[in-house]
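S.K.: Need a 3D model of the sequence below.
(chains A and B)
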2 protein chains.
Amino acid sequence: MSKPEPNGASPPAHDGSLGGFESVDKILEAHVPADKLAHVRRVMNGWNLGAPVATLPLAAPATEAAQRGDVDLQGYRFEAAPEQLRAPRVVRVGLVQNSIQAPTTAPFMQQRQAVHDRVREIIDAAGAAGVQVLCLQEAWHMPFALCTREKEWNEFAESAEAGPSTQLCQELARKWGMVIVNPILERDATHGDTIWNTAVVIGNNGNVIGKHRKNHIPRVGDFNESTYYMEGNTGHPVFETAFGKIAVNICYGRHHPMNWQGFGLNGAELVFNPSATVGELSEPIWPIEARNAAIANSYYVGAINRVGTETFPNAFTSGDGKPAHKDFGHFYGSSFFAAPDASRTPALSRCRDGLMVADLDLNLCQQLKDKWGFRMTARYDMYAEQLAAYVKHDYQPQVIKDPSLK
Amino acid sequence: MSKPEPNGASPPAHDGSLGGFESVDKILEAHVPADKLAHVRRVMNGWNLGAPVATLPLAAPATEAAQRGDVDLQGYRFEAAPEQLRAPRVVRVGLVQNSIQAPTTAPFMQQRQAVHDRVREIIDAAGAAGVQVLCLQEAWHMPFALCTREKEWNEFAESAEAGPSTQLCQELARKWGMVIVNPILERDATHGDTIWNTAVVIGNNGNVIGKHRKNHIPRVGDFNESTYYMEGNTGHPVFETAFGKIAVNICYGRHHPMNWQGFGLNGAELVFNPSATVGELSEPIWPIEARNAAIANSYYVGAINRVGTETFPNAFTSGDGKPAHKDFGHFYGSSFFAAPDASRTPALSRCRDGLMVADLDLNLCQQLKDKWGFRMTARYDMYAEQLAAYVKHDYQPQVIKDPSLK
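M.R.: Got it, this is the predicted structure:
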């Protein structure tokens, strides 16, 4: 839609993953001299000069499992300043990005079992790494079939409280004493088989603490999600777990600053953004929104994106005039953590399954609130009034027209 | 506050500008091979693969003036897709970043005259480059003396409608047929000599169209602005000029997503963010917020930061336990444009005065609204209710506590 006059760099081979490289971080590491790289990382990643974001050594059983399973395992830590009246509150948090493990033409039972097996393997690695709170990607238990507009895929929908994916997560939550956020396609039998896009929060004892349903539903490109489910009706809940106050902003909700804010107003210290998004559509937006949310709301964000290219049995069109085709484009992974002090970890692989582990000192949230004062200077009363006026049919935008114009 | 365990890159010489390099863009251009750089720029800058953001050739009188004056002059353009029912609406927009031109110990009249002369020179270059809408930096007519807490600096405050800086901008607006946004320290004699942080919008006929006062005031580091002025009382006006609907989000207001949104709700297609911010505090945040705002609100943003290091006559402390000192830190320039499609221009110099010129096709705003649908999916009614509840003293955060916790 923009950028005419190609010149200079010749376009690289255009494969489905838009180049096939692992991450921008790895390109920069390979080519920019160390002294210059320090400047780039300070400005681009919020790293202190001369001090890369600290890597977190992980236990051998975890690293070995990751190597066996070809999982991109990375570990980092974010620290807060020491305080006199509070001890550090360090929580070890994991983000999982996974590809589907069987072709979308395979029997559904087989597809689900294959991805269950794979994710079990990754969660076990996370458990071995000491992860206390873990989040999976959006609708991790199925292909992201919403592009097709075919309703058979609804078979994958399951009960938030008692479905097979929840049961698997409960088993692993108990095994590892881990809080698990389990984003699924939900079938709500209690309300007439309503389908929802839902994140189920499972406590470290294996109990279902509650659930959150996706607040904002896309209608863009192949994201035909509004064909399948409606806007969520669960507000902006914050889940108080054994390891801190967490919330879940599902996928497209990341484009809505007030959605991020809603979780912040309710006290979240860590917000996950389990997503499924493709390169042509959103990759340049991906490094921005989660970080902006972390800064503006003084909390940590764990941004998770699906990985791989998914091909479906029947061709579909994308509303862009191009021929019918069978794939959704490339889900580019690139999961990462963003901190309230504007720092971020490198991204996980754009092409491989991955597990990102980070130690987060939650004290950093309050420290940043105290430093920048964004809550106190926010003038919520002014915006409550503005929105109350805006939603009325007779809203008059505040426009000051140059009187010298005709 | 974070990032322990320095290792790898050795810290570069720590001068006032945190390294003294011109921009991250120039470092990457110098070291990353073209094929890899294309990937980095796609993900980091939103540029199409193999197609750098288009450079805009500028008229010789403009480039010669910039060279004579050691002004970092850069030109780019953002295009929109052709439409069948609307012609392109291309507007040429300029951003000016300038250092102060006389020592802060010089007589005030001399200080003001020196910066007036310099900015006149830069605006004349912009005029020669065909700029139609131009914005200056926050309080461009004076040193950013708010760190000192000394009230003598209020002498620089002037009438928004008839002060010397407004008069200069009016003269140049008439000369070039240019809309000029003139951010000043305002003295409001009509209301008891109240001091405000204000942007005056001057039409292309030299008339004052109106003004906007900074909505959010920082209390962080050396930004002792709350000592000098209060939160603005002008809402979120959009100014309908001969060249489009513009608004101004002054400095610290960029940290508040609802402030950006307020201008969007009133119909802005281009929002300026005239700022004065220093490297140690905010440089890693700078590339994020303006872009997030452009994406979330489907408008262009022109982000402008002051440049240079300003030293004051009397020492002051910074509330960080360090010894009293006389400088505010380095204002790192780095002004840039962000577009609603997530693309951005490179940044202007971190160290030199600069003029950024870009052709913006304003049609891109509506195209992105239609593509992503953020306004239609925003659920403003839900947030109006949330904020109305939140501002009440008896607000109960929506917290779901794990019942198995004690």
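S.K.: residues touching the spatially closest residue to residue A:82 that is not a sequence neighbour, list them.
M.R.: Counting by CB to CB, 6 or more residues apart in numbering or on different chains, residue A:88 is the residue found nearest to residue A:82 once chain neighbours are left out, at 7.4 Å. The C-beta positions use only the backbone N, C-alpha and C, and glycine is treated the same way. By CB atoms under 8 Å, 6 or more residues apart in numbering or on different chains, the contact list for residue A:88 reads A:79-80, A:82, A:361, A:363.
S.K.: Now restrict the residues you listed to buried residues only.
M.R.: In the contacts of residue A:88, burial by neighbour count holds for A:79-80, A:361, A:363, counting by 16 or more other CB atoms under 10 Å in any protein chain shown.
S.K.: now, which of the contacts of residue A:88 lie within strands?
M.R.: When the contacts of residue A:88 are checked against strands (DSSP state E), the matches are residue A:361.
S.K.: Return the closest of the contacts of residue A:88 with respect to chain B.
M.R.: For chain B, the nearest member of the contacts of residue A:88 is residue A:79. The distance, counting by CB to the nearest CB, is 4.9 Å.
S.K.: Would you state the helices of the stretch 251-400 of chain A in chain order?
M.R.: In order along the chain, the stretch 251-400 of chain A carries the following helices (DSSP state H, counting those that start in this stretch): A:257-265, A:279-282, A:286-297, A:363-372, A:380-390.
S.K.: hey, which of those is tucked in deepest?
M.R.: The highest average neighbour count among the helices of the stretch 251-400 of chain A, using mean count of other CB atoms under 10 Å in any protein chain shown, belongs to helix A:286-297 at a mean of 27.
S.K.: what about chain A, any weak spots by pLDDT?
M.R.: Low-confidence segments of chain A, defined by pLDDT under 70, are located at A:1-15, A:50-52.
S.K.: Can you check which helix is longest in it?
M.R.: Ranked by residue count and defined by DSSP state H, the top helix of chain A is helix A:108-128.
S.K.: neighbouring contacts of it?
M.R.: Here helix A:108-128 makes contact (CB under 8 Å, 6+ apart) with A:59, A:61-62, A:65-66, A:69, A:71, A:73, A:94, A:96, A:98, A:100-104, A:106, A:134, A:136, A:140-143, A:155-156, A:164-165, A:168-169, A:172, A:175-176, A:178, A:180, A:353, A:355, A:357.
S.K.: Just the buried residues of these.
M.R.: Under a neighbour-count criterion of 16+ other CB under 10 Å, the subset of these counted as buried comprises A:62, A:65-66, A:69, A:71, A:73, A:94, A:96, A:98, A:100-102, A:104, A:134, A:136, A:140-143, A:156, A:165, A:168-169, A:172, A:176, A:178, A:180, A:353, A:355, A:357.
S.K.: Which of the residues you listed fall in strands?
M.R.: Secondary structure of those is defined by DSSP E; positions in strands are A:73, A:94, A:96, A:134, A:180, A:355, A:357.
S.K.: okay, the helices of the stretch 251-400 of chain A in CSV with distance to chain B next?
M.R.: Written out in CSV, the entries for the helices of the stretch 251-400 of chain A read as follows (distance: least, CB to the nearest CB, whole Å):
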stretch, distance to chain B
helix A:257-265, 4
helix A:279-282, 8
helix A:286-297, 4
helix A:363-372, 5
helix A:380-390, 4
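S.K.: Nearest to residue B:347, out of the ones you listed?
M.R.: Among the helices of the stretch 251-400 of chain A, the nearest to residue B:347 by CB to CB is helix A:286-297 (15.2 Å).
S.K.: Could you export the closest one as PDB, CA atoms only?
M.R.: What follows is the C-alpha trace of helix A:286-297 in PDB, where atoms were taken according to Å, rounded to 0.1, in the frame of the first residue of the first chain:
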ATOM      1  CA  TRP A 286       4.600  -7.000  16.500                       C
ATOM      2  CA  PRO A 287       7.600  -5.400  18.200                       C
ATOM      3  CA  ILE A 288       5.700  -2.300  19.100                       C
ATOM      4  CA  GLU A 289       2.300  -3.000  20.700                       C
ATOM      5  CA  ALA A 290       3.300  -5.300  23.500                       C
ATOM      6  CA  ARG A 291       6.200  -3.000  24.500                       C
ATOM      7  CA  ASN A 292       3.900   0.100  24.400                       C
ATOM      8  CA  ALA A 293       1.400  -1.700  26.600                       C
ATOM      9  CA  ALA A 294       4.100  -2.700  29.100                       C
ATOM     10  CA  ILE A 295       5.400   0.900  29.300                       C
ATOM     11  CA  ALA A 296       2.000   2.700  29.400                       C
ATOM     12  CA  ASN A 297       0.600   0.300  32.000                       C
END
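S.K.: which outside residues touch it?
M.R.: A:249, A:254-255, A:257, A:260-261, A:263-264, A:268, A:271, A:273, A:277, A:299-301, A:303, A:305, A:332, A:334, A:336, A:338-340, A:342, A:344, A:347, A:374, B:43-44, B:255-257, B:285, B:288-289, B:291-292, B:295-296, B:342.
S.K.: sorry, back to before: may I ask you to confirm that the residue nearest to residue A:82 belongs to a strand?
M.R.: No. Read with DSSP: H, G, I helix; E, B strand; the rest coil, residue A:88 is coil and lies in no strand.
S.K.: before we move on, the earlier item: how about the CA coordinates for the longest helix of chain A, as CSV?
M.R.: What follows is helix A:108-128 as a C-alpha-only set of coordinates in CSV (Å, rounded to 0.1, in the frame of the first residue of the first chain):
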residue,chain,number,x,y,z
PHE,A,108,-9.2,-34.5,14.0
MET,A,109,-8.5,-36.9,16.9
GLN,A,110,-5.1,-37.5,15.5
GLN,A,111,-4.4,-33.8,15.0
ARG,A,112,-5.3,-33.0,18.5
GLN,A,113,-3.3,-35.9,20.0
ALA,A,114,-0.3,-34.9,18.0
VAL,A,115,-0.3,-31.3,19.2
HIS,A,116,-1.1,-32.4,22.8
ASP,A,117,1.9,-34.7,22.7
ARG,A,118,4.1,-31.9,21.4
VAL,A,119,3.0,-29.3,23.9
ARG,A,120,3.2,-31.8,26.8
GLU,A,121,6.9,-32.2,25.8
ILE,A,122,7.5,-28.5,25.8
ILE,A,123,5.6,-27.9,29.1
ASP,A,124,7.7,-30.7,30.7
ALA,A,125,10.8,-28.9,29.5
ALA,A,126,9.4,-25.7,31.1
GLY,A,127,8.7,-27.6,34.3
ALA,A,128,12.3,-28.9,34.3
